[in-house]
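> One predicted model, sequence on top.
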Amino acid sequence: MIDESKVKNDEIYSRMKISNESTDIMENNHEMSIEKSMNDLFEKFSPKPDTIFLKLFPDEHPLSAEQQIFFINITEGIFGYNEQVRNENLKILTSDYNIKYLLPYLCTFIKETIQVNIAFPDLTLLIYSVRMVKCLLSNPHLNMVENLHNLIPAVLSCALARKISKYYYDNHWTLRDFSVYIIATICKKYNTELNNITGRIIRIYLRPLREYSSPLTTMYGAIKGLGCLGDETVKTYLFPNTTNVSKRMHMIFERKMHCYHPEERSKQQNLEAKHVRDVILNTLAPALYKSKNVNDGGLLYSKYFGYLGKFLYMDVKNLEKIETDKQKALVYDLNYFVPSQSFNQNSS
């Protein structure tokens, strides 16, 4: 016979075993889920190192070792202290064929050098930079079209920046004249109907003339720049925009006349105003002399140009006198060198 009590005990034991196994499985699953969530949080909030991609065969430098040495020698020679070495390296930029391989790097170097030395003004280094631009433009083996976007803003900054020298009495006016000459050369050489470099440059020059609060040094560069682009540019764009400059000059110089203590005025403003007045007179007077002869005592010029009209009238009359004296001297020279009729008869 089968013992019923024993069967019941075995059944109870098996049930307890199954329940214990299921409990263990549930506990294991719970622990695994907790561990997984903790790992996810750790991965989410733990700092991740930057990914580094290694090239088995890295790209070679676009310049050879010899070209890099050549670039360093040129730049260090131009910006060094030895004038003879500087002139030799500038001559290389003017004529060497191999400069075309360094051209993008040289233009970037010039742009960055001008940016730094305008922010922290160093007139000497700015002059060396613009001289480099002139030499590159003179090189017959180079096509500068692809690099003008670096050179034009840099050279324009030398012409129009408010301050390009440490002291106001430095001769930074020469650098401004030189810079606008370089810009005029670029316009003449590379202007096309497609890029319209000349028109865009003229708009940049007109901006400080139309703003009454523009620095006088910027106005000087703009007037000089328009003058370098030719008489037609002066007649078309500078004539109508001379009124603001004339009002500015009138305010500065008339205030000096009515001031009891002229030394109170800024020496810097006085110097800058004189240069602006001189450059606009030297730019407008030749164009006015070629366009129309006026003999009304300066009334028409005063009406059209304001305060500067009387000065323009005097300059135009001086030009007429110089031209008349030249013609008289030329006639005298011709009469002196032409043999007389009696001398021809005696010689025959």
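Cool, the structure landed.
> now the helices for the stretch 101-250 of the chain?
Along the stretch 101-250 of the chain, counting by DSSP state H, counting those that start in this stretch, helices occupy 123-138, 148-160, 172-190, 197-210, 216-228, 231-233, 242-257.
> will you turn these into TSV that also has mean pLDDT and mean neighbour count?
Backbone N, C-alpha and C define where each C-beta goes, glycine included. Listed next are the helices of the stretch 101-250 of the chain as TSV, based on pLDDT from 0 to 100; neighbours: other Cβ atoms under 10 Å:
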stretch	mean pLDDT	mean neighbour count
helix 123-138	96	20
helix 148-160	95	21
helix 172-190	95	20
helix 197-210	94	18
helix 216-228	95	25
helix 231-233	91	15
helix 242-257	82	16
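> Quick one: closest of those to Lys166.
helix 123-138 (7.2 Å; Cβ to Cβ).
> what separates that closest one from the chain centre, distance-wise?
For helix 123-138, the separation from the chain centroid amounts to 12 Å (computed by Cα atoms, centre = their mean, to the nearest Å).
> what does stretch 135-142 give?
Relative to the chain's own centre, stretch 135-142 is displaced by 19 Å; criterion: Cα atoms, centre = their mean.
> Any idea how far apart the tips of that stretch sit?
End-to-end span of stretch 135-142 (Cα to Cα, to the nearest Å): 11 Å.
> quick one: contacts of it?
The contact list for stretch 135-142 (Cβ atoms under 8 Å, 6 or more residues apart in numbering) reads 90-91, 93-97, 99-100, 103, 106-107, 144, 151, 182, 185-186, 189.
> Please indicate which of these are buried?
Buried residues within the contacts of stretch 135-142, counting neighbours by 16 or more other Cβ atoms under 10 Å: 90, 93-94, 96, 99, 103, 106-107, 144, 151, 182, 185-186.
> Let's have the helices of the stretch 101-250 of the chain in TSV, adding distance to Ile322.
Supplementary listing: the helices of the stretch 101-250 of the chain in TSV, determined by distance: least, Cβ to Cβ, whole Å:
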stretch	distance to Ile322
helix 123-138	31
helix 148-160	29
helix 172-190	22
helix 197-210	28
helix 216-228	19
helix 231-233	18
helix 242-257	23
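> Relative to Ser291, which of these is closest?
helix 231-233 (8.3 Å).
> So, low pLDDT: which residues of the stretch 1-150 of the chain?
1-61 (pLDDT under 70).
> count of neighbours near the residue nearest to Asp122 when sequence neighbours are not counted?
Residue nearest to Asp122 in three dimensions, not counting chain neighbours: Lys166, with 7.4 Å by Cβ to Cβ, 6 or more residues apart in numbering. Neighbour count of Lys166, defined by other Cβ atoms under 10 Å: 11.
> Just the pLDDT for Lys166.
If you check Lys166, the pLDDT there is 90.
> was I right about it contacting Thr124?
No - here Lys166 lies out of contact with Thr124, judged by Cβ atoms under 8 Å, at a distance of 10.2 Å.
> I'd like the buried ones among the contacts of stretch 135-142 laid out as a markdown table, including distance to Lys317.
Below are the buried ones among the contacts of stretch 135-142 laid out as a markdown table (distance: Cβ to Cβ, whole Å):
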| residue | distance to Lys317 |
| --- | --- |
| Leu90 | 43 |
| Leu93 | 45 |
| Thr94 | 43 |
| Asp96 | 50 |
| Ile99 | 50 |
| Leu103 | 49 |
| Leu106 | 48 |
| Cys107 | 47 |
| Met144 | 43 |
| Leu151 | 41 |
| Ile182 | 33 |
| Thr185 | 33 |
| Ile186 | 36 |
